[in-house]
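Student: Here is the input, now give the coordinates:
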Amino acid sequence: MSHGDETPTQPGTPAEPLLPRGAHAGDDEREPQTAVLNTVDGPDETAGEVPAATAVLDTTATDPVNLLLVTATDWLAQDPDPETRAELRVLIQQAQDRDPAAVADLHSRFDERLAFGTAGLRGEIAAGSNRMNRVLVSQAAAGLAAYLLAAAASSRPGSIPSVVIGYDGRRNSHVFATDTAAIMAGAGVRAVLLPRLLPTPVLAFAVRHLGASAGVMVTASHNPPNDNGYKVYLGDSDEGSQIVSPDDVAIAAQIQHVADTQLVTELPRAGYETAPESVVQAYVDATAAIGASPRAQVSVVYTALHGVGWDTTRRVLDAAGFALPTLVDAQIAPDSAFPTVAFPNPEEPGAMDLAYETAREVDAELIIANDPDADRLAIAIPDADAPEGYRRLSGNEVGAILGWRAAELAANAPGDGGADGTLACSIVSTPALKAVADAYGLRFADTLTGFKWVSRAPGLIFGFEEALGYLVNPGTVRDKDGISAAVALLSLVSELKADGLTLADHLDAFAEKFGYFASGQISVRVTDLTEIERVMARLRESPPAMIGTSRVDHIDDLSGGFNGLPPSDVLRIVLADGSRVMVRPSGTEPKLKVYLDTHSSVGSLAERRQAASDALAELDRGMRALIG
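Tutor: The predicted structure is shown next:
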C-alpha cells in the first residue's frame with residue numbers, strides 16, 4: 001500500500017477536462033492513468049524484508065490447514081499490493097509451521113468473504129477475502145462494471161454506462177479509487193474520478209450533476225482508523241440514492257463471479273477521466289443557496305475531526321455570506337490516523353473535547369462538527385450546566401428543528417396550495433418529526449434505517465436519521481449531507497440571533513408547540529457477533545411483558561416486513577404509556593443498538609421535560625436489565 005498514492009491533488013491544480021461520453025484519457029496524447037500491478041512473481045520492494053515461505057504446499061492434501069494455506073497462497077498470487085503481500089507471506093510461513101495464532105488469523109481472513117450489501121463494503125484494511133484490500137476492491141469494481149454493462153444492454157442497448165468515483169482521506173482511499181476507475185474503464189464503463197479527496201456529499205451530488213449511471217465513494221465514514229469502505233449509488237431512476245435490494249444482490253453475484261473466474265492481475269485496465277473542478281464548484285453554489293443571506297453573524301467553532309470537510313465547507317460558507325468560523329486547528333487537516341480521537345465519530349465520548357476547549361476560549365455561540373467524510377453533522381450549544389460548558393445536541397433534536405424549518409419553508413412557499421411535501425426519518429428516529437408533519441398538514445414517512453431508504457421517500461422535502469444524518473436539499477443530493485445541513489442550521493441560528501433568540505430558546509419553543517420529546521440510546525459493542533444474535537433471539541422467543549415499571553402494549557417484529565417496510569432485523573416495542581423502544585443490530589459496526597423515545601405534552605415546559613425525562617430513565621433501566 002503505497003502511501004504516496006494517497007497524496008491528493010492540491011487545490012488550484014488544473015484538472016483534466018471532462019471528456020465526451022465514451023472517450024478515455026488514453027484516446028489522446030496524455031498518458032493513461034493506469035495503475036501498475038506488481039504480481040507476486042514480479043518486482044517486489046519488500047522481498048528482501050520478508051522471508052519467503054519455506055514449505056512446498058501439497059495442493060492434493062485434504063488437511064484443513066493445508067487447504068487454508070492453498071487458499072491464502074492463491075490469494076497472494078493475485079495481490080497487487082506489496083504491503084498486504086508481505087503481511088500475508090509472514091502469516092503463511094507461520095501457519096506452515098502450525099503456529100496456532102497464525103492459523104487462527106488465516107481462518108479469520110479467509111473462512112468468509114466480506115459481504116457486499118446495501119451499505120457496500122466496509123472492513124479493516126488487511127490481506128484476505130474478509131478484509132478491505134486491493135484484491136477485494138478490484139473484484140468489486142469488476143463486478144459492478146459487469147452489472148452496469150448488463151443493465152445498460154437491457155434498458156438502453158448500445159449505450160455506454162458511466163460511473164463517477166470519489167474518495168476521502170482515509171488510508172488507501174486514493175489507491176482504491178484509482179483501481180476502481182482503471183478497472184471500470186477497462187471493462188468498457190465510462191469512468192470519471194473526482195479531482196481530489198472530497199466529502200461524500202460531493203460524490204452524491206456528482207452522480208446527479210453528471211448524469212452518471214452509478215457512483216462509488218471510497219470511505220468508511222466515522223469507523224476506526226484502519227477501516228475503509230466502498231459505497232455504491234445508482235443514477236437514472238434511482239436519482240443518485242444508495243443501492244437497495246435487489247440491486248445489491250445482483251451486484252454481489254457479479255462480484256462473486258469475478259472472484260470465482262478471474263484473477264485480479266488479469267483484469268483489463270484503461271485510462272479514465274478526471275472530473276473538472278467545476279463539478280465541485282457546482283456543489284458549492286447549490287449548497288450555499290440553501291440559506292438566506294445572514295441577518296446576523298454567529299460566532300462559530302468548526303472541526304473536521306481530521307477529515308475532508310473543511311475545504312468544501314469553507315467555500316460554501318464564504319459563498320453563502322457567513323463569517324468563517326474559528327477552527328480546531330489540531331483536527332482541521334485530513335489525517336488518516338485520526339490522532340486526537342479514539343474514534344473519529346462526533347457521537348463518541350471525547351471526540352469533541354478539543355472543539356469544546358476552543359469554543360470556551362473564544363466564547364462561541366455554536367459548535368459545528370463534521371465527521372471525517374462530512375456526511376454527518378454534530379451541533380453543540382452553550383450550556384452552563386454541562387461540564388464542558390457546551391452541550392452536544394442529539395441527532396433527534398437537530399433533526400426535529402431542521403424538520404420544523406423545512407415545514408415553515410413549505411408553508412410559506414409561493415402559491416395558494418399551502419404546505420406540500422413529505423418529511424421522512426428512519427424508524428429509530430424520534431416521533432417528533434411526525435408531530436411536525438401532522439401540525440403542518442405534510443405527509444410523513446418512516447423508513448428503514450439508512451439514507452438509502454430515507455432519500456427515496458416520495459415528495460421528500462426533508463429527511464433525517466438520529467445518527468447525525470440530515471438531508472435538507474433533496475433536489476440536488478440524495479444522501480445525508482453534513483455540509484448543507486450546517487448551512488441550514490447556521491441560517492436558522494442567524495435568524496434567531498437577529499430576533500434576539502438562541503438555539504436553546506428555539507428548542508424550548510419546539511417543546512411548547514409540539515410537546516417535549518426525550519430520546520436515549522443504549523449501544524453495546526461486542527467482539528462476537530453471535531452475542532447480538534442471541535439477544536435478538538431471546539427477545540423474540542420470550543417477549544417482555546414489562547420494561548421497568550411500564551407495561552408493554554405490543555411488539556412489532558419487522559423481520560418479515562411490516563406495513564410496507566422491507567424485512568429487517570428490528571423489534572419495535574410499544575408501551576402502554578406511548579413510549580417506544582427499537583432494538584436492532586448496527587449495519588456498519590459490531591454493536592447492538594437500542595433506541596428509547598418518550599413524550600409529554602401535559603403541563604408547563606418544565607413539567608413536560610421532567611415527565612419525559614423520568615420515563616426515559618425508567619426505560620433505560622428496564623432495557624439494560626433485559627439485554628444483560
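
Student: My guess is residue 440 contacts residue 409. True?
Tutor: No - under the criterion of C-beta atoms under 8 Å, residue 440 lies out of contact with residue 409, with a separation of 10.3 Å. Heads up, the C-betas are built off the backbone N, CA and C, glycines and all.

Student: Neighbour count: the two, which is higher?
Tutor: Neighbours were tallied for residue 440 and for residue 409 using other C-beta atoms under 10 Å; the higher tally belongs to residue 440 (19 against 15).

Student: mind checking pLDDT for that one?
Tutor: Turning to residue 440, the model gives it a pLDDT of 97.

Student: can you check residue 63 too?
Tutor: Looking at residue 63, its pLDDT stands at 83.

Student: swap in residue 56?
Tutor: We note a pLDDT of 50 for residue 56 in this prediction.

Student: which neighbours do residue 440 and residue 409 share?
Tutor: In terms of C-beta atoms under 8 Å, 6 or more residues apart in numbering, residue 440 and residue 409 are not both contacted by any residue.

Student: Buried ones in stretch 402-420, by neighbour count?
Tutor: Residues of stretch 402-420 classed as buried by neighbour count (16 or more other C-beta atoms under 10 Å): 402, 403, 404, 405, 406, 407, 410, 419.

Student: From residue 410, how far off is the last one?
Tutor: Just to be clear, that refers to residue 419. Residue 419 sits at a distance of 4 Å from residue 410 (criterion: C-beta to C-beta, to the nearest Å).

Student: Look up the residues that both of the two are in contact with.
Tutor: By C-beta under 8 Å, 6+ apart, residue 419 and residue 410 have these common neighbours: 440, 442.

Student: can you pull the contacts of residue 480?
Tutor: Counting by C-beta under 8 Å, 6+ apart, residue 480 has contacts 201, 375, 376, 451, 454, 464, 465, 469, 470, 471.

Student: wait, I meant residue 545
Tutor: With C-beta under 8 Å, 6+ apart, residue 545 has these contacts: 551, 552.

Student: okay, now residue 388: neighbour count?
Tutor: For residue 388, the number of neighbouring residues by other C-beta under 10 Å comes to 16.

Student: Name all residues that make contact with it.
Tutor: With contact taken as C-beta under 8 Å, 6+ apart, residue 388 is in contact with 353, 356, 360.

Student: Per-residue confidence at the first one, what does it come out as?
Tutor: Residue 353 carries a pLDDT score of 98 in this model.

Student: Distance of it relative to residue 379?
Tutor: When distances are taken as C-beta to C-beta, residue 353 and residue 379 turn out to be 16 Å apart.

Student: mean confidence score for the strand or helix carrying residue 379?
Tutor: With elements delineated by DSSP states H and E, residue 379 resides in strand 377-382, which encompasses its position. Confidence over strand 377-382, taken as the mean pLDDT, stands at 98.

Student: From the contact counts, what lies against it?
Tutor: The criterion is 3 or more C-beta pairs under 8 Å, 6 or more residues apart in numbering; DSSP states H and E, and the helices and strands that strand 377-382 contacts are helix 353-362, strand 366-370, strand 390-392, helix 482-498, helix 503-514.

Student: Just say which of those is most tucked in.
Tutor: Mean neighbour counts were compared across the helices and strands packed on strand 377-382 using mean count of other C-beta atoms under 10 Å; the top stretch is strand 366-370, at a mean of 27.

Student: tell me the angle that one makes with helix 353-362.
Tutor: With axes from the mean of the first three to the mean of the last three C-alpha atoms, to 10 degrees defining the directions, strand 366-370 sits at 150 degrees from helix 353-362.

Student: any idea how far the helix or strand hosting residue 176 is from the chain center?
Tutor: Residue 176 is located in helix 173-187, with elements delineated by DSSP H and E. How far helix 173-187 lies from its chain's middle: 20 Å, per C-alpha atoms, centre = their mean, to the nearest Å.

Student: Which SSE is immediately downstream of it?
Tutor: In the C-terminal direction, the helix or strand that comes right after helix 173-187 (DSSP H and E) is strand 190-193.

Student: avg pLDDT for that next one?
Tutor: When the per-residue pLDDT values of strand 190-193 are averaged, the result is 98.

Student: how about residue 616, what does it touch?
Tutor: 518, 519, 520, 579, 596, 598 are the contacts of residue 616 under C-beta under 8 Å, 6+ apart.

Student: could I get the helix or strand residue 286 falls within in CSV with only the CA atoms?
Tutor: Here residue 286 is covered by helix 277-288, with elements defined by DSSP H and E. Written as CSV, here are the backbone C-alpha positions of helix 277-288 (Å, rounded to 0.1, in the frame of the first residue of the first chain):
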residue,chain,number,x,y,z
GLU,A,277,-13.1,21.5,-10.6
SER,A,278,-16.4,22.9,-12.0
VAL,A,279,-18.2,19.9,-10.5
VAL,A,280,-17.0,20.9,-7.0
GLN,A,281,-18.0,24.5,-7.7
ALA,A,282,-21.4,23.5,-8.8
TYR,A,283,-21.9,21.7,-5.4
VAL,A,284,-20.6,24.8,-3.6
ASP,A,285,-23.0,27.0,-5.4
ALA,A,286,-26.1,24.7,-4.9
THR,A,287,-25.3,24.3,-1.2
ALA,A,288,-24.6,27.9,-0.5
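
Student: same for it, what does it pack against?
Tutor: Using 3+ C-beta pairs under 8 Å, 6+ apart, helix 277-288 is in contact with helix 200-209, helix 309-320, helix 482-498.

Student: got the contact list for the shortest one?
Tutor: Looking back up the chat, that one is helix 200-209. Contacts of helix 200-209 with the rest of the structure, by C-beta under 8 Å, 6+ apart, involve 164-166, 168, 192, 194, 212, 214-217, 219, 221, 231, 233, 235, 239-240, 275, 279-280, 282-283, 286, 312, 373-375, 476-484.

Student: Narrow the residues you listed to those that are buried.
Tutor: Among these, those scoring as buried are 164-166, 168, 192, 194, 212, 214-217, 219, 221, 231, 233, 235, 240, 275, 279-280, 282-283, 286, 312, 373-375, 476-484 (criterion: 16+ other C-beta under 10 Å).

Student: Format the helices and strands packed on helix 277-288 as CSV; extra columns: mean pLDDT and distance to residue 607.
Tutor: Converted to CSV, these look like this (pLDDT from 0 to 100; distance: least, C-beta to C-beta, whole Å):
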stretch, mean pLDDT, distance to residue 607
helix 200-209, 98, 41
helix 309-320, 98, 40
helix 482-498, 98, 25
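
Student: Residue 113: how many residues sit nearby?
Tutor: The local packing count at residue 113 equals 16, with neighbours defined by other C-beta under 10 Å.

Student: which residues sit in contact with it?
Tutor: Going by C-beta under 8 Å, 6+ apart, the list of residues near residue 113 reads 129, 130, 256, 259.

Student: which of those are buried?
Tutor: Buried members of those, counted by 16+ other C-beta under 10 Å: 129, 130, 259.

Student: from these, which is closest to residue 528?
Tutor: Within these, proximity to residue 528 (C-beta to C-beta) peaks at residue 130, which comes in at 15.1 Å.

Student: low pLDDT regions in the stretch 501-628 of the chain?
Tutor: Flagging of the stretch 501-628 of the chain using pLDDT under 70 yields the residue ranges 588.

Student: Show me where it has its helices.
Tutor: For the stretch 501-628 of the chain, the helices identified by DSSP state H, counting those that start in this stretch occupy 503-514, 530-541, 605-627, in order along the chain.
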